[in-house]
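Chemist: predicted model follows, preceded by the sequence.
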Amino acid sequence: MKANEPFQFVTASYLVRIGNQESASLLELQRGIEGCSDASIFYHTFQSLGRHHFLTEGFSNDFAEWVFSACNRPALAEQLASLDIRDYVSLAALRGDLHRIVGDFCQANPRDAQQTAFESFYFCETVEEEVPLGFEAWTLEAFGDRLKRLGHASMQFHFITSRLRLHLRSNDFSQWLAKELGLKELGRRVDQIDVYTNTLDSVRTKMIELIERELSR
Amino acid sequence: MTQVRTEPRANKLDDYAGLLGSGEIAELRALAARLVGRTIQMVNSTSVGGGVAEMLNRIVPLIEELNLSIRWDVITGGDDFFAITKAFHNALHGGRYDLPDQSFETFLAYSEQNRARLHLNSDFIVIHDPQPAALIESRGNHSGHWVWRCHIDLSQPDLRVWDFLAPFVHRYDAAIFSSPAFARRLPLPQYLFYPSIDPLSDKNREVDPEVIAEILHRFQIDAQRPILTQISRFDRLKDPIGVVRAYQIVKRYFDCQLVLAGGGAADDPEGEAVLAEVREAAGKDADIHILDLPPWSALEINALQRASTIIIQKSLREGFGLTVTEGLWKKKPVVAAAVGGIPAQVIHKHTGLLAHSIEGTAYQIRFLLSNPGIAQRLGELGHEHVREHFLITSNVRRYLTLFLHFQKEN
């Protein structure tokens, strides 16, 4: 079956811009989350998941990691880690929840909130450069072939960060499979693959298995 | 000004595909294709010795292989110039600056000479470290983009030196630092570029087990018992005495050995004194191996790291800590101090263990020796972390992305 429109493979390359903002306590973190740029929220959550995709045991986002390792507050870290970026299609909503969780803790534990951390949290932000890879797929078979040779940055671009671009709880791959090839169930199954407990390599492997199963039907 | 001709490389870009996957190399080529026709210039103060020259020697040929036009120039100066820039370096790291005000004029005079010799006309000009920083005076109406790549920790500089350099730095289009903790509040965009290692260099490539065995035999190290290793200069900031103390605690529970290997003692009076103190702290323990290695010991260091059970980096202050990167790349569990760039590499309980004291270091080592499965898992994840972020190919990618970003802004 040929798609109405081809899937255009893109890679995104990321620069990390160092902000002029740092937090040495939970109270300062709360203020930082409130005032930092959207690009900074993106860097410490969506980007962080992509950067640490190979950590499939308990790593979620930079805020949770810092609260755990530099502030020694595991319960708060767990709360922050429990935010699933797949539930968010806007950074404003994600920022709101991060701010609320840290704020609630600071309010309930005012002395802990002012305690100096082992090391500061440095707010950074992402600068993204998209570059088309110069190949496209018109069929499911060609799509699967290209997928096998896709780098991590491209996987991250299409599978993780696409939610913000699309403003949908979905990803580029699932959207194309459903809209252009009419394979809604395959698209749904691809979107179900858990990016928190899989590496980008294992996401790709699972996608290829699903595609091969579809092709053999 | 001297243009540097890098040595012909044995390793080509495609040689890295085996480690990274062909997709990663294809992405580098796709990024570079957008920059064809643009010119790049790197400028630093030496072509041999030191981490910056080592890094440029490897990055420049890789960028050339991507069909981009890149040149590498080195500034020149007399002994007085380099004495001043060495003092600058120490002062920017937080030491005191004792040279007279006249030293600033001497610095500017050499900078002027270099500007007269230099053709700074590329599209993207990357100036490395403080020595050539004043070359920005050549900018004039030139439309190229100027970047200051600062490889040192600027968080607590001597203000006399920083106040002198800052007006030059402020004229750049961007600055690059190795860690957010090393940056300053500057009125220009600052980017994070981690330092990197070359996985195919002598210090990091795979080594035959027979070669490792021969090197252990040469240093009289027992391959059958656990080996704890810290690779670093004999420098108080690397806390080698603290490492000996931590080992002595561990030794009460485990029959292990300690290797402290590094250089710097031969040509550095302070290094010689530290080496003597370490030997005194070690006493007559035959399981402590103190190795003062010459600078050409890359293969020996590689073998010692690969033979180690645990890599330690118990620094009191640290730059980025590339010895940690090397240990992680070799899939070794690392116990390290949470200073400088180390926390970016050692994500506590994920890619290694962090410690804040001698006792904490000893405890984490004991924990890993008691739990080899966890140690192995940390080592494997540490390797992945380096593969994703701290290899030379990642560095090439960051430079290409920065240049693309400038190009888009135009």
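Modeler: It's in. Keep in mind that this is a model prediction, so the values were computed, not measured.

Chemist: now do the strands in chain B.
Modeler: For chain B, applying DSSP state E gives strands covering B:2-3, B:39-44, B:69-74, B:124-128, B:145-149, B:174-177, B:190-192, B:227-231, B:257-262, B:288-292, B:310-313, B:334-337, B:353-355.

Chemist: for the longest helix anywhere in chain A, packing partners?
Modeler: Ranked by residue count and defined by DSSP state H, the top helix of chain A is helix A:91-108. In terms of contacts (3 or more CB pairs under 8 Å, 6 or more residues apart in numbering or on different chains; DSSP states H and E), helix A:91-108 is packed against helix A:26-35, helix A:38-42, helix A:74-81, helix A:110-114. (Glycine included, C-beta is placed from N, CA and C.)

Chemist: quick one: the second one to chain centroid distance?
Modeler: Meaning helix A:38-42. The gap between where helix A:38-42 is centred and where its chain is centred comes out at 12 Å by CA atoms, centre = their mean, to the nearest Å.

Chemist: that one and chain B in contact?
Modeler: No. Using CB under 8 Å from any CB of the partner chain, helix A:38-42 stays clear of chain B, with a minimum separation of 11.6 Å.

Chemist: got the phi and psi for the closest residue to residue B:87 other than its chain neighbours?
Modeler: Closest residue to residue B:87 apart from its sequence neighbours, by CB to CB, 6 or more residues apart in numbering or on different chains: residue B:99 at 5.3 Å. Recorded main-chain torsions at residue B:99 are phi -80, psi 150, according to degrees, to the nearest 10.

Chemist: what about the spatially closest residue to residue B:251 that is not a sequence neighbour, distance to chain A?
Modeler: In this structure, residue B:251 finds its nearest non-sequential neighbour in residue B:287, 7.5 Å apart by CB to CB, 6+ apart. Distance of residue B:287 to chain A, given as CB to the nearest CB, to the nearest Å: 32 Å.

Chemist: residue B:287: what's it in contact with?
Modeler: Taking CB atoms under 8 Å, 6 or more residues apart in numbering or on different chains, we find residue B:287 in contact with B:225, B:251, B:256, B:257, B:258.

Chemist: residue A:40: which of the strands of chain B is closest?
Modeler: Taking CB to CB, strand B:190-192 is the member of these nearest to residue A:40, at 12.7 Å.

Chemist: tell me the angle of the longest strand seen in chain A relative to helix A:26-35?
Modeler: Ranked by residue count, the top strand of chain A under DSSP E comes out as strand A:2-23. Here the directions of strand A:2-23 and helix A:26-35 differ by 140 degrees (axes from the mean of the first three to the mean of the last three CA atoms, to 10 degrees).

Chemist: check which residues of strand A:2-23 are buried.
Modeler: A:3, A:6-7, A:9-19, A:21-23 (16 or more other CB atoms under 10 Å in any protein chain shown).

Chemist: what does stretch B:391-401 contact?
Modeler: So stretch B:391-401 is contacted by A:13-15, A:127, A:129, B:16, B:19-20, B:24-25, B:27-28, B:31-32, B:35, B:40, B:55, B:58-59, B:62-63, B:66, B:126, B:191, B:193-199, B:388 (CB under 8 Å, 6+ apart).

Chemist: can you say which of these are buried?
Modeler: The neighbour count (16+ other CB under 10 Å) marks A:13-15, A:127, A:129, B:16, B:20, B:24-25, B:27-28, B:31-32, B:35, B:40, B:55, B:58-59, B:62-63, B:66, B:126, B:191, B:193-199, B:388 as buried among those.

Chemist: where does the prediction get shaky in the chain?
Modeler: Because you didn't say which chain, this covers chain A. Counting by pLDDT under 70, the ranges of chain A that qualify are A:58.

Chemist: looking at chain B here, not the other one
Modeler: Along chain B, the parts satisfying pLDDT under 70 run over B:1, B:7-10, B:264-269.

Chemist: domain ranges for it?
Modeler: Domain segmentation of chain B under automatic domain parsing yields B:2-196+B:392-409, B:209-389.

Chemist: before we move on, the earlier item: pull the distance from the longest helix of chain A to the chain's centre.
Modeler: Here helix A:91-108 shows a centroid-to-chain-centroid distance of 18 Å under the convention CA atoms, centre = their mean.

Chemist: what parts of the stretch 151-300 of chain B come near chain A?
Modeler: B:177, B:180, B:181, B:183, B:185, B:189, B:190, B:191, B:192.

Chemist: ok, now how distant is the fourth one from residue A:122?
Modeler: The one in question is residue B:183. Residue B:183 sits 8 Å away from residue A:122, taking CB to CB, to the nearest Å as the criterion.

Chemist: what's the answer for the first one, then?
Modeler: Residue B:177 sits 10 Å away from residue A:122 when distances are taken as CB to CB.

Chemist: okay, and the common contacts of the two?
Modeler: What both residue B:177 and residue A:122 touch, as defined by CB under 8 Å, 6+ apart, is the set residue A:18.

Chemist: more neighbours, these two?
Modeler: With other CB atoms under 10 Å in any protein chain shown as the criterion, residue B:177 and residue A:122 differ in neighbour count, and residue B:177 comes out ahead with 25 against 20.

Chemist: report the beta-bridge partners for the more buried one.
Modeler: For residue B:177, the beta-bridge assignment (DSSP bridges) gives partners residue B:192.

Chemist: hang on, it packs against residue A:17?
Modeler: No. Assessed by CB atoms under 8 Å, residue B:177 is found out of contact with residue A:17, at 10.9 Å.

Chemist: which neighbours do those two share?
Modeler: Jointly contacting residue B:177 and residue A:17 under the rule CB under 8 Å, 6+ apart are B:190, B:191, B:192.

Chemist: which ones are touching the first one?
Modeler: By CB under 8 Å, 6+ apart, residue B:190 lies in contact with A:17, A:18, B:174, B:175, B:176, B:177, B:183.

Chemist: for the second one, same thing?
Modeler: Neighbouring residues of residue B:191 by CB under 8 Å, 6+ apart: A:15, A:16, A:17, A:18, A:127, B:174, B:175, B:176, B:177, B:398, B:402.

Chemist: with adjacent residues omitted, what lies nearest to it?
Modeler: residue B:176 (5.0 Å).

Chemist: burial count for that neighbour?
Modeler: Neighbour tally, residue B:176, other CB under 10 Å: 23.

Chemist: same question, the one 5 residues further on
Modeler: Residues near residue B:181, counting by other CB under 10 Å, number 19.
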